[in-house]
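In: Give me a model of this one.
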Amino acid sequence: MSKKKAFALRINEDTMQAIEKWAADEFRSTNGQLEWIIREALKKAGRLPKNQKSSEE
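Out: Next up is the predicted model:
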């Protein structure tokens, strides 16, 4: 498992509420949902590191 790095994120309140609802609908934590969204965007853009393409799905 890869190490995780914490960082502060400032986000619009309405956007955060939408993410929290989406996370609940998908039975994920808000943090897990944000990680999933970012990973999917990286995959779609072809920017996901090769060692993560299938290891965290």
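
In: Quick check: which helices or strands does the longest helix along the chain pack against?
Out: Criterion DSSP state H: the longest helix present in the chain is helix 30-44. With contacts taken as 3 or more Cβ pairs under 8 Å, 6 or more residues apart in numbering; DSSP states H and E, helix 30-44 sits against helix 13-25. Glycine gets a C-beta too; all of them are placed from N, C-alpha and C.

In: So which other helices or strands are in contact with the helix it packs on?
Out: Where contact means 3+ Cβ pairs under 8 Å, 6+ apart, helix 13-25 is packed against helix 30-44.

In: quick one: the helix it packs on to helix 13-25, angle?
Out: Angle, helix 30-44 to helix 13-25, by axes from the mean of the first three to the mean of the last three Cα atoms, to 10 degrees: 90 degrees.

In: The chain should start at 41 in everything you say after this.
Out: Got it, first residue is 41 now, which makes that one helix 70-84.

In: Next one: the closest residue to Leu49 other than its chain neighbours from Arg87, what distance?
Out: Distance criterion Cβ to Cβ, 6 or more residues apart in numbering; nearest residue to Leu49, sequence neighbours excluded, is Leu74 at 7.7 Å. According to Cβ to Cβ, to the nearest Å, Leu74 and Arg87 sit 17 Å apart.

In: Those two: which has the busier surroundings?
Out: Set side by side, Leu74 and Arg87 show more neighbours around Leu74, with 17 against 8, by other Cβ atoms under 10 Å.

In: Is that one in contact with Trp62, as I believe?
Out: No. Contact between Leu74 and Trp62 fails when scored by Cβ atoms under 8 Å: they sit 9.9 Å apart.

In: Please list all residues in contact with Lys44.
Out: By Cβ atoms under 8 Å, 6 or more residues apart in numbering, the contact set of Lys44 is empty.
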